[in-house]
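Enquirer: Generate a structure from the sequence data that follows.
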Amino acid sequence: MQTVHAPASSPRTASPTPAPRRAARAPECVPASRFFATRQHGGFDLSPDGESVLAVINLSRRPEIWRIPRARPWPEQLTFAGQRINQVHWAPDGRSFAFTSDHDGDEQWRLFTLPVLGGEPRAHTPQGPGQHFIIDYSRDSRTLYVSANTRDPRFFDLLAVDLATGRTRPLHTGTGLILGETISRDGRRCFGTEVLDNTRQRPFWIDLRDGSLHYISLPTEECRASHCQPLPDGKSILLLTDSGRDHPAIARIDLAGGAFTWLRAGKWDVEGMALSEDGRRLAWTENRGGNLIGFVGRTSGGPARRVSGPGTAGSLQWSRDGRTLAFYGGGPKSPAEIVCVDISKGLTADRRETLTRSACGGIPPQILVAPKQIRYRTPDGERIEAFWYAPKAGGGRAPYRTIVWMHGGPEWQELNEYKPAFQYFLHRGFALFAANFRGSTGRGRRFQRLIYRHWGEACYDDVAFGVNLLLRRGLVDPNRLCVMGGSYGGYMTLVAVTREPARWKAAVDVFGPSNLISFAESVPEHWKPGVHALVGHPEKDRAMLEGQSPLFKVDRIRCPLYVVQGGNDPRVRQAESEQIVAALRKRERPVEYLLLKDEGHGFARLENQIRVWESAADFLERHVPVRE
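Expert: The predicted model follows:
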């Protein structure tokens, strides 16, 4: 079959249509804005003295940096950029901080510093192409170490930024995706990992005196490796890795002799780790069926104790004195909050405090829905875990009209956490089914790699098998099935309506790739080796990618489709959405298109989040109305 190249985006091929008109709703329906009025958090950093945090919160409808003192948890806004913020990092002296920010979602992360007491942000990198990722400060707060690809978009270098003079000095010229993670106490080494793809990383250290790079040997080289943290003695490190096993765990590695010892290893994926300053205490999270459970223990071994319950915990951080552990904690009916746990009395007692109050937009708790977990085996023996949400009101009785949600990634997963869009759809009377199909994270290396070079194949069968299970149980109405997802989930939505066009009554594709050939050609340069391993090479694997691309099966689509795209998306380019829209319009198939020119891959602006998910609910409700 001859490969068809869709034209580049233009007003004639796929001009945006107005957002779908609002469907009639019951007057008592809570508006979408209330479900999104939860003060979304984007990252935080605990101050050196442990007495306050810097947090990225959208209190002003934009993600900005706020300072929250623990003694008086009332936030003080420090930045006013109105743009997305990726990282925030205190200086060791506590007088200033560094952060990275992009422009309208383009992911070109620029580096800034700002005094805590106020002032104007100082830019340390020019505006233009390039990504900067903060590694760490020097101990005297005078130098900031970053990984950046400004020299060559394919490779990341290690740079030192003199904060007094503004001079940037290259320390190591990279030939790959070299990402630093931390600086040793003596300031002589940078530890980090080289990313080959999402299941293959190589830990390293760089000598900051001569720029030489030294890889750290592991029992097996084909493995994941992250959270490379040196112990205070400087002779060994802790590492999160799945070297020689299926599930990532915490290992200790001797840098001189290479001795390798497991410290915390079990049957669950360890997904985060933090080491206290004195090297005596360790905090980590384990993925237990989509719940990220926090634990603390000693690096010397011994029992571990939970510090969080069902739901999610993440972004673990210790105070410098090792007395306080801070993390995000939340659940399906409670948005994530910044929690501080004082364990100064040991690991058997704690005092916890919550520094933020998301408040759920004043929505009564009885309106919100917690999911039930469903586990099933596919015909080929894979065990799939999924979440099932049944509406409390407005959806009538089972069988329900149901949204089948496809998560993004694909190396990602659905978690037991608060999702404002989910709760809004449930309030509108839709049930939701969200499966962690093969290729999802949290289930070990083997399960995650099942998606490699097999996009839209058995992973879709995993979801379809789960839908059939719900049909047999009488929970899902076969005549009122919708499908929706973002990024890879948007791609899976397009796969669904081309694989089984008669099953779906309406579909919503949020920035999903439609043509895997053009997608693999257009991702950021430093992504291409990993994407070619995960998806396929646009030239060498052209026939395979064409066969897996929904664009070339567009004639099969029968149900109405709503497509949403960010105009500055650097991962899934605008053309990916516009070519599927243009192909459907050419065939006079029902399709609506919303282009958000001030967004990228994901929606940072609160008003855009509300607009997207409210219009998606209206679209689905028009085509799949509630049963009389």
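
Enquirer: Backbone dihedrals for residue 367, please?
Expert: Per-residue torsions, residue 367: phi -80, psi -30 (degrees, to the nearest 10).

Enquirer: can you list the weak-confidence ranges in the stretch 401-550 of the chain?
Expert: By pLDDT under 70, the stretch 401-550 of the chain has no low-scoring segment.

Enquirer: Do a quick rundown of the helices in it.
Expert: Using DSSP state H, counting those that start in this stretch, the helices found in the stretch 401-550 of the chain span residues 420-427, 445-448, 458-472, 488-499, 516-522, 528-534, 542-547.

Enquirer: can you list the residues that contact the third one?
Expert: Residues from elsewhere that reach helix 458-472, judged by CB atoms under 8 Å, 6 or more residues apart in numbering: 374, 376, 378-380, 382, 384, 386, 388, 399, 402, 404, 406, 410, 433, 435, 437-439, 450-451, 476, 478, 481, 492, 495-496, 499-500. C-beta: built from backbone N, CA, C; applies to glycine.

Enquirer: buried sites along it?
Expert: The neighbour-count check on helix 458-472 (16 or more other CB atoms under 10 Å) flags 458-467, 469-470 as buried.

Enquirer: Just the closest of those residues to residue 560, please.
Expert: Nearest to residue 560 out of those is residue 467 (CB to CB; 19.3 Å).

Enquirer: Serialize the buried residues of helix 458-472 to a markdown table and add fields for distance to residue 335.
Expert: Shown next, in a markdown table, are the buried residues of helix 458-472 (distance: CB to CB, whole Å):
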| residue | distance to residue 335 |
| --- | --- |
| 458 | 34 |
| 459 | 29 |
| 460 | 31 |
| 461 | 34 |
| 462 | 29 |
| 463 | 27 |
| 464 | 32 |
| 465 | 32 |
| 466 | 27 |
| 467 | 29 |
| 469 | 30 |
| 470 | 27 |
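
Enquirer: about what we covered before: so how do I select the buried members of the contacts of helix 458-472 in ChimeraX?
Expert: To isolate the buried ones among these in ChimeraX, judged by 16+ other CB under 10 Å, type:
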select :374,376,378,382,384,386,388,399,402,404,406,410,433,435,437,438,439,450,451,476,481,492,495,496,499
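
Enquirer: what's residue 295 sitting at in phi/psi?
Expert: Taking degrees, to the nearest 10 as the convention, residue 295 sits at phi -130, psi 150.

Enquirer: Now it. Nearest residue, chain neighbours left out?
Expert: The shortest distance from residue 295 to any non-neighbouring residue, by CB to CB, 6 or more residues apart in numbering, is to residue 304 (4.6 Å).

Enquirer: Against residue 361, how distant is residue 355?
Expert: Residue 355 is 19 Å from residue 361, where distance means CB to CB, to the nearest Å.

Enquirer: hmm, back to that, looking at the helices of the stretch 401-550 of the chain, which is closest to residue 261?
Expert: Per CB to CB, nearest to residue 261 of those: helix 445-448, 20.2 Å.

Enquirer: Identify each buried residue in that closest one, please.
Expert: Under the neighbour-count criterion of 16+ other CB under 10 Å, helix 445-448 has 445, 447-448 buried.

Enquirer: repeat for stretch 145-152
Expert: By neighbour count on 16+ other CB under 10 Å, the buried set for stretch 145-152 is 145-150.

Enquirer: and the longest strand along the chain, which strands flank it?
Expert: Among the elements of the chain assigned as strand by DSSP state E, the one spanning the most residues is strand 476-486. With DSSP bridges as the test, strand 476-486 is paired with strand 400-406 (parallel), strand 506-510 (parallel).

Enquirer: quick one: residue 618 is in a strand?
Expert: No - looking at residue 618 with DSSP: H, G, I helix; E, B strand; the rest coil, it is helix, so not inside a strand.

Enquirer: Would you check how far apart it and residue 589 are?
Expert: Here residue 618 is placed at a distance of 20 Å from residue 589 (CB to CB).

Enquirer: Compare those two (neighbour count), which wins?
Expert: residue 618 (20 against 16; other CB atoms under 10 Å).

Enquirer: Would you quantify the distance from the residue most central in space within the chain to residue 241?
Expert: By CA atoms, centre = their mean, the mean C-alpha position of the chain lies nearest to residue 412, the distance being 7.3 Å. With the distance defined as CB to CB, residue 412 ends up 20 Å from residue 241.

Enquirer: could you point out which element follows the lowest-mean-pLDDT helix or strand in the chain?
Expert: In the chain, no helix or strand scores lower on mean pLDDT, DSSP states H and E than helix 11-14, which sits at a mean of 41. Per DSSP states H and E, helix 11-14 leads on to helix 32-35 as the next helix or strand towards the C-terminus.

Enquirer: what's next to that next one, contact-wise?
Expert: Residues outside helix 32-35 that contact it (CB under 8 Å, 6+ apart): 360-363, 420-421, 423-424, 427, 610, 613-614, 617.

Enquirer: Buried ones among those residues?
Expert: Buried by 16+ other CB under 10 Å: 360-361, 363, 420-421, 423-424, 427, 610, 613-614, 617, out of the contacts of helix 32-35.

Enquirer: Look up how far residue 494 lies from the nearest residue to residue 499 once chain neighbours are set aside.
Expert: Among residues not flanking residue 499 along the chain, residue 460 sits closest, at 6.0 Å (CB to CB, 6+ apart). With the distance defined as CB to CB, residue 460 ends up 11 Å from residue 494.

Enquirer: What sits closest to residue 206 if chain neighbours are left out?
Expert: The shortest distance from residue 206 to any non-neighbouring residue, by CB to CB, 6+ apart, is to residue 190 (4.5 Å).

Enquirer: Need the helices of the stretch 401-550 of the chain in JSON lines (columns: distance to residue 574).
Expert: Putting the helices of the stretch 401-550 of the chain into JSON lines (distance: least, CB to CB, whole Å) gives the following:
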{"stretch": "helix 420-427", "distance to residue 574": "22"}
{"stretch": "helix 445-448", "distance to residue 574": "29"}
{"stretch": "helix 458-472", "distance to residue 574": "25"}
{"stretch": "helix 488-499", "distance to residue 574": "13"}
{"stretch": "helix 516-522", "distance to residue 574": "10"}
{"stretch": "helix 528-534", "distance to residue 574": "18"}
{"stretch": "helix 542-547", "distance to residue 574": "20"}
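
Enquirer: Let me know which of those helices is the nearest to residue 286.
Expert: Proximity to residue 286 (CB to CB) singles out helix 445-448 among these, at 15.6 Å.

Enquirer: Residues touching the closest one, excluding its own?
Expert: Here helix 445-448 makes contact (CB under 8 Å, 6+ apart) with 198-199, 223-224, 242, 246-248, 382, 411, 438-441.
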